Structures are given as structure tokens and as C-alpha cells.
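Enquirer: When you get a sec, could you give me coordinates for this:
(2 chains)
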Amino acid sequence: MQALHQKAKELLESGKVQVIIGYGDGSGDRVRPVFISKAESASDLIWDDRCRQNLAVYLNKPEIKKLGVPAIVATPVVVKTIIQLISENQLKSSNIVVLVVDNDVVSELTDNASLEAYSAGHPVVFPPFVVKEIKDIAEMSIQQRNKYWQDELSRCFKCYACRAACPLCYCERCLTDNNQPQWVCVASHAQGNFEWHINRAMHLAGRCVECGSCTIACPVGIPIGLLTIEASRIVKQEFGQEPGLHCDADSAMSSFKVEDTETFIK
Amino acid sequence: MSMQQRVIQHENLLKFLGEIISSGKQLYAPQKKAEKTYFLPASDVHSIVFDYIQTAESPKELLFPKTERMLSYEQVDGKLKMIDHAEGEIFPERVLFGSHPCDAVALKTLTDFFRHDVPDAFTQKRQDSLTVISVSCIKADDNCFCTSVGTSPGDTEGSDILLTPIGNAKYYVEVMTEKGQSLFAAHEKYFENSDIISKDKYLTKMSEVFSSSEVTARLSKAFDHPIWSDASLRCLGCGACAYVCPVCSCFDIQDEGTDKKGDRLRCWDSCGFSLFTLHTSGHNPRKNQSDRWRQRVMHKFSYMPERYELLGCVGCGRCSRACPADMNIKEQLKEITEKIEG
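Expert: Just a heads-up that it's a prediction; the model follows:
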């Protein structure tokens, strides 16, 4: 961790960045997001297995932007998220410093090429229980799957922690917050919960970088990330497109090509 | 109510709860689901868990459901038919078992709050048909702080019956209200008389980390304090804290349907959301996340005590446990008493 503290201190002292977005000491044995602006506080940064929340979610928050140019302590999936955000014109690599830590060596990723190279070398590895969940659901019949999600989503009370924790749910006004016209049932009942989560999954299809922050955030333990993971897998299978790898990628689900042979859209 | 000291054996407690189910009442009790504990309808007493610190969700849904259908309308042959569900619906007899004293206090706070001004028929009717059997706390975790907000691990407030585990699979029984007495009387055979028991030594020890009246006093001068923006930088703006809170009672009225047929619904709302109190004009009195975090603390510790003589927090710690960004209410309240001048 010493290398990280040193790097953070240097970046703040040199004035290259004004804030380090990283992980620090939290309640009990938890870590929490910290925003360090003073070089003498650089040693508050923590780097270990508990650092799982996707901190890229803070990069576009107005309150954080006000703090100045940020450096972000990035897990491999945060690098993927940043690439995806760049490809969606939400970030520029020239405006941030991405810090990655491998075996206590800290590297700065400062351009698209270095981000892409790092991402390509660090594929997402799911914990075994997630692999099992994906397999279990894949083996279910449509009826079983429907029942499984009905049951899981019955606990949803629409606190939108999944949306808030997701760095790719950055819409300033989410479609579910629109009430004239009301696109999605606002109420948390069976239909309303289904409409919300299916819409979110469709919106993230091919964009979800599989960080799992939504599942971790869910206060009632719904493995909600499985929906967006599966949607991204289908997009990869059908269109050969994988999010978080290329800064200039377009999006399979939301870009139109004039030479498209399908006729339904014309 | 009764001065006679009573105890119940664990085995008999299960029989007592089983008899509540077979008598046709709905029993809500702590049960495991997806590695967390919830108050769920129980059909088998053996699925009830006893060894837990706090349920993921509070029991507030029993008084104030996440979605309340208030009225329905339908046009039939050109005539409008309206149904007021507070009048038309039957509210079943329910027994909540296993709530801790903090939750029982919270249910009382909710009842009192919804009784204020124009009494709310839904919460009132649900409260009338609910009997609460709480269990005192013999353990707690770092997120608990009931003794700092005026309650305690063995508080009887809000419970109709309070059971305190006294070891050897036995509980000390306190029957507190008429509702508790009538439930007790109907199943008296499961209870035993006992000598005088002092329950305090069995309860978890919890020291007071701050004084809530001190928090209230400091908050009156804290509206523009920098503490709010510092603390809320990591807040993600979701409603997890409000929705697991046993006291949070903000709601949003939504209409669903067409001009021919539809429902009016009362849905939970949260001050964490950016749309909370956004005006039609576009003006938002709580534009920043820090304004909304301040609102959360102010509402519970300043506005509620001042306007309703109720405290909006019972120290259950659910919000801190649920927060994906580790916003910790106990820490924040302690900081208020330390950093804001009195």
C-alpha cells in the first residue's frame, strides 16, 4: 500500500490532480469511498480484497467534479468502466488519472491506449458463487426462470440502490422517474418491479461491465446483476461486441448504420 | 399489566406460536431468505430464526406497506364507481413475533405520526389488528445505538408482550397491553408462574455514544454547517436507508390506469432521491445530495421532535448496514455533537 500512498501524495503535491478517489477505512471491517484532497491524508488510502465497490460511479457526480481533476484508484473492472464511459462520450482520459495497483506497483494510465491495454490483460473473473448462479439459471426452463425472478423481485422495494451504485446508469433523469408520460410503473408491486428491472437490463445490454456493484448494493440481496450480465452476454454472442475494451466502440443496441440490411428500422 | 411473574420455555413458545397460526391469525416472524433475515408470514414455526441481530427490513410494512392501494375507480355504463379501500378492505388479525424493542418503539412512532392531524385510516386499522410480541436483545453489533436515542435492549414501549431470553431455553414474559393480555389469556397453558426475575442482567450492555437531545439542540444551529457536504460526498442518492428504516414514512401518491379504470397508490418515497421535493417549476429546494442528507438527519432529529414530540430514529442501525456507500448514521450523529457548537 506504501507505493499507492506515495503516488497519491506526489500527484496531490505536484498539483497534477486535486482529489484522489479511493478506498479508506469504513465502519467495522468495511472500506468506504474516500475523496482525498490533502497530500498528508494520502496514507488514509486502503488497497485490499475488500475494495469492490465500483468507484467510477463518482466520476460524473457534480459534487465530485467540483473538487477538481481526479485520480481514481481503479480495480480492473473500474478500468473497463472508464473505457466504456469514454466510448459513450461521458469522460475523457485526458481529464483523469487512473491508478492501477499490481503487486504493490502503482501505474498511471493516462491515455486511451494504456487503458485498453490494461483492460485486455485483466479479464473479469467472477467469484465461484456467481458462476454457479449463472449456470443454475441457464439450466432452468423458461417457467422456472420466470418463477425464480418473480420470487427474487418480490423483495424489491424500488430504493434504486442498483441504479445509484451503477456507473453506467448515469442518466440525469432516469426513464422510471418520468411521470408524464409514465413509461414505467412507479409503484413497487409485481408488475412495477418487473418493468423496472427488465427496462434497466435492456438499457444496460451490451454496456454492463459486470462489476457486480448493483448486486452488492441491493439491501434485500437480489442478485440483480445477473440480468445485465446475461443481457451483455447475449449482445456479445449476437453482435460480437464486448463492453469496456475499446474507447472508440459504438454500442450495438443504440447505434444506427446506414448500411444496415435490416428493413424494420428504415 | 399483570404483576404475576411468568416465564415460557422455548418448546412451549413454539407451540404457542403454532397455535397462533392454527387459530387463523397471520403470524409474521423472522425467517431466512437469501442469507438475510426478514419478517415473513410463517406457516411452520420451525422456520422461525431466533439467533439474529437485526432483520434486513423493518416491520414497518405491517403498518405502512411499500405500495398501498388507497382507492380504485371504474366507469361502468357511464357511471363512475369508486372504492375507498380503507373502508372496503378487511384488515386481517396479525401477530408480529420477534421484533426487537427498537422496532416496537418504531411501530408506535409510526402509529403516532400517522395519527397526527388527519388520522390515517390505513395505518390505524392495521395497528388495531396487530399484536406485537417482541424479544429483548441479548446481543447487538456496532451499528446498534438504541440507548443513544432513548430506548434500550429491554424496552417494553410499543410491545404488547415482551419476552427476554434468560438462558436455559427460557424467556421472561412481560404482558404490557390489553391486546397482549388477550393473546396471553387465550394460550395461558404454555406459560409458567415464576419467582421475581430481574431481566437487566440478561440484556446486552450498550453504552450511550451521544445524547439525542444534544443532537437536536446542535441541529438548530447547523443548517449551513460544512458537515453536510463533507459527509455526503460518498452518498449515492438511493433510498436504501429510508426503505429499511422502521420510522421513515415519506410517501408519494401515484395514479395508475386509464380514464376508465385505475387505482390511486401510496408509494414509499425517500429524501435520498434527486426528485424528492423537486417542484413542477423546476425549482428544487434540496438540489444537492448534501441538502438531502441534511434533510434526512434534520427530519429525524430536529423537525420530528419539534413538531410531533417524536424522535425519527430508534437506533436499529439498519440504514448503516444497508448503505452501499457506508454512510453511517451513528458516526454522523456523534460527529454532530462533537463538531457543531452547542
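
Enquirer: Low-confidence bits of the stretch 51-200 of chain A, can you list those?
Expert: Judged against pLDDT under 70, the stretch 51-200 of chain A has no low-scoring part.

Enquirer: Spell out which parts of it neighbour chain B.
Expert: The stretch 51-200 of chain A comes close to chain B at residues A:53, A:57-58, A:61-64, A:152, A:155, A:157-161, A:163-165, A:177, A:179, A:182, A:185-189, A:192, as judged by C-beta under 8 Å from any C-beta of the partner chain. Using the backbone N, CA and C atoms, a C-beta is placed for each residue, glycine as well.

Enquirer: filter the residues you listed to the buried ones?
Expert: A:53, A:57-58, A:61, A:63-64, A:152, A:155, A:157-161, A:163-165, A:177, A:185-189, A:192 (16 or more other C-beta atoms under 10 Å in any protein chain shown).

Enquirer: Do a quick rundown of the strands in the stretch 101-250 of chain A.
Expert: Remark: strands assigned in the stretch 101-250 of chain A by DSSP state E, counting those that start in this stretch are A:105-109.

Enquirer: Please enumerate the helices of it.
Expert: For the stretch 101-250 of chain A, the helices defined by DSSP state H, counting those that start in this stretch cover A:112-121, A:128-138, A:142-153, A:161-165, A:190-204, A:213-217, A:225-239.

Enquirer: Buried deepest among those helices, which one?
Expert: Stretch with highest mean neighbour count among the helices of the stretch 101-250 of chain A: helix A:161-165 (a mean of 26; mean count of other C-beta atoms under 10 Å in any protein chain shown).

Enquirer: got a pLDDT number for whichever residue of the stretch 1-150 of chain A sits closest to chain B?
Expert: When scored by C-beta to the nearest C-beta, the stretch 1-150 of chain A has residue A:32 as its residue closest to chain B, at 3.6 Å. We have a pLDDT of 98 for residue A:32.

Enquirer: what helix or strand does it sit in?
Expert: Counting by DSSP states H and E, the element that carries residue A:32 is strand A:31-36.

Enquirer: Next, count neighbours for the residue lying closest to residue A:87 once chain neighbours are set aside.
Expert: Closest residue to residue A:87 apart from its sequence neighbours, by C-beta to C-beta, 6 or more residues apart in numbering or on different chains: residue A:249 at 4.7 Å. Counted with other C-beta atoms under 10 Å in any protein chain shown, the neighbours of residue A:249 add up to 18.

Enquirer: quick one: contacts for residue A:249?
Expert: Residues in contact with residue A:249 (C-beta atoms under 8 Å, 6 or more residues apart in numbering or on different chains) are A:87, A:241, A:243.

Enquirer: so can I have TSV of those residues showing neighbour count and distance to residue B:182?
Expert: Shown next, in TSV, are the contacts of residue A:249 (neighbours: other C-beta atoms under 10 Å in any protein chain shown; distance: C-beta to C-beta, whole Å):
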residue	neighbour count	distance to residue B:182
A:87	20	66
A:241	18	65
A:243	25	61
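
Enquirer: Tell me the spacing between the closest residue to chain A within the stretch 1-150 of chain B and residue B:57.
Expert: Taking C-beta to the nearest C-beta, chain A has its nearest neighbour within the stretch 1-150 of chain B at residue B:34, 4.2 Å off. From residue B:34 across to residue B:57, the span is 12 Å (C-beta to C-beta, to the nearest Å).

Enquirer: for residue B:29, same thing?
Expert: From residue B:29 to residue B:57 the distance is 13 Å (C-beta to C-beta).

Enquirer: which neighbours do these two share?
Expert: Listed contacts common to residue B:29 and residue B:57 are residue B:39; contacts here mean C-beta under 8 Å, 6+ apart.

Enquirer: Name the residues of the stretch 101-250 of chain B found near chain A, please.
Expert: Residues of the stretch 101-250 of chain B lying near chain A (C-beta under 8 Å from any C-beta): B:141-143, B:229, B:232-234, B:236-240, B:242-244.

Enquirer: what sits up against the strand holding residue A:32?
Expert: Residues contacting strand A:31-36 (C-beta under 8 Å, 6+ apart): A:8, A:12, A:19-26, A:42, A:44-46, A:48, A:50-51, A:53, A:55, A:58, A:64, A:67, B:233-234, B:325-326.

Enquirer: From the contact counts, what lies against the helix or strand hosting residue B:97?
Expert: Using DSSP H and E, residue B:97 maps to strand B:94-99. Where contact means 3 or more C-beta pairs under 8 Å, 6 or more residues apart in numbering or on different chains; DSSP states H and E, strand B:94-99 is packed against helix B:10-22, strand B:26-33, strand B:36-41, strand B:130-135.

Enquirer: tell me which residues of it are tucked away?
Expert: Neighbour-count burial for strand B:94-99 [16+ other C-beta under 10 Å]: B:94, B:95, B:96, B:97, B:98, B:99.

Enquirer: Name every strand pairing with that strand and say which way it goes.
Expert: strand B:26-33 (parallel), strand B:130-135 (parallel) (DSSP bridges).

Enquirer: between the last one and helix B:10-22, what angle do the directions make?
Expert: Regarding strand B:130-135 and helix B:10-22, their directions subtend 160 degrees when assessed with axes from the mean of the first three to the mean of the last three C-alpha atoms, to 10 degrees.

Enquirer: tell me the mean pLDDT over strand B:130-135?
Expert: Strand B:130-135 comes out at a mean pLDDT of 98.

Enquirer: Other residues contacting it?
Expert: In contact with strand B:130-135 (C-beta under 8 Å, 6+ apart) are residues B:50, B:62-63, B:93-101, B:103-104, B:107, B:158-165, B:171, B:179-180, B:183.

Enquirer: That strand: what's the following helix or strand?
Expert: Later in the chain than strand B:130-135, the nearest helix or strand by DSSP H and E is strand B:161-165.

Enquirer: and that following strand, what other elements does it pack with?
Expert: Contacts defined by 3+ C-beta pairs under 8 Å, 6+ apart place strand B:161-165 against strand B:130-135, strand B:170-175, helix B:178-186.

Enquirer: and the helix or strand just after the last one, which residues are buried?
Expert: Meaning helix B:178-186. Downstream of helix B:178-186, the first helix or strand assigned by DSSP H and E is strand B:191-193. Under the neighbour-count criterion of 16+ other C-beta under 10 Å, strand B:191-193 has residue B:191 buried.

Enquirer: Repeat that for stretch B:280-296.
Expert: Buried residues in stretch B:280-296 (16+ other C-beta under 10 Å): B:286, B:288, B:289, B:290, B:291, B:292, B:293, B:294, B:295, B:296.

Enquirer: The fifth one sits in which helix or strand?
Expert: The one in question is residue B:291. Using DSSP H and E, the element containing residue B:291 is helix B:289-298.

Enquirer: Check what contacts that helix and list those residues.
Expert: By C-beta under 8 Å, 6+ apart, helix B:289-298 touches A:61, A:63, B:219, B:223, B:228-229, B:231-232, B:235, B:237, B:241-242, B:271-274, B:276, B:285-286, B:327, B:329, B:332-333, B:336.

Enquirer: what's the nearest residue to residue B:120 if we skip its chain neighbours?
Expert: residue B:114 (4.1 Å).

Enquirer: so who does that neighbour touch?
Expert: Applying C-beta under 8 Å, 6+ apart, the residues contacting residue B:114 are B:63, B:64, B:120, B:123, B:124, B:249.

Enquirer: Adding pLDDT and secondary structure, write those residues out as a markdown table.
Expert: Listed next are these as a markdown table, based on pLDDT from 0 to 100; DSSP: H, G, I helix; E, B strand; the rest coil:
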| residue | pLDDT | secondary structure |
| --- | --- | --- |
| B:63 | 98 | coil |
| B:64 | 98 | coil |
| B:120 | 96 | coil |
| B:123 | 96 | helix |
| B:124 | 96 | helix |
| B:249 | 97 | coil |
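
Enquirer: Need the residues you listed in a markdown table (columns: neighbour count).
Expert: Below are the contacts of residue B:114 laid out as a markdown table (neighbours: other C-beta atoms under 10 Å in any protein chain shown):
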| residue | neighbour count |
| --- | --- |
| B:63 | 22 |
| B:64 | 26 |
| B:120 | 23 |
| B:123 | 24 |
| B:124 | 16 |
| B:249 | 21 |
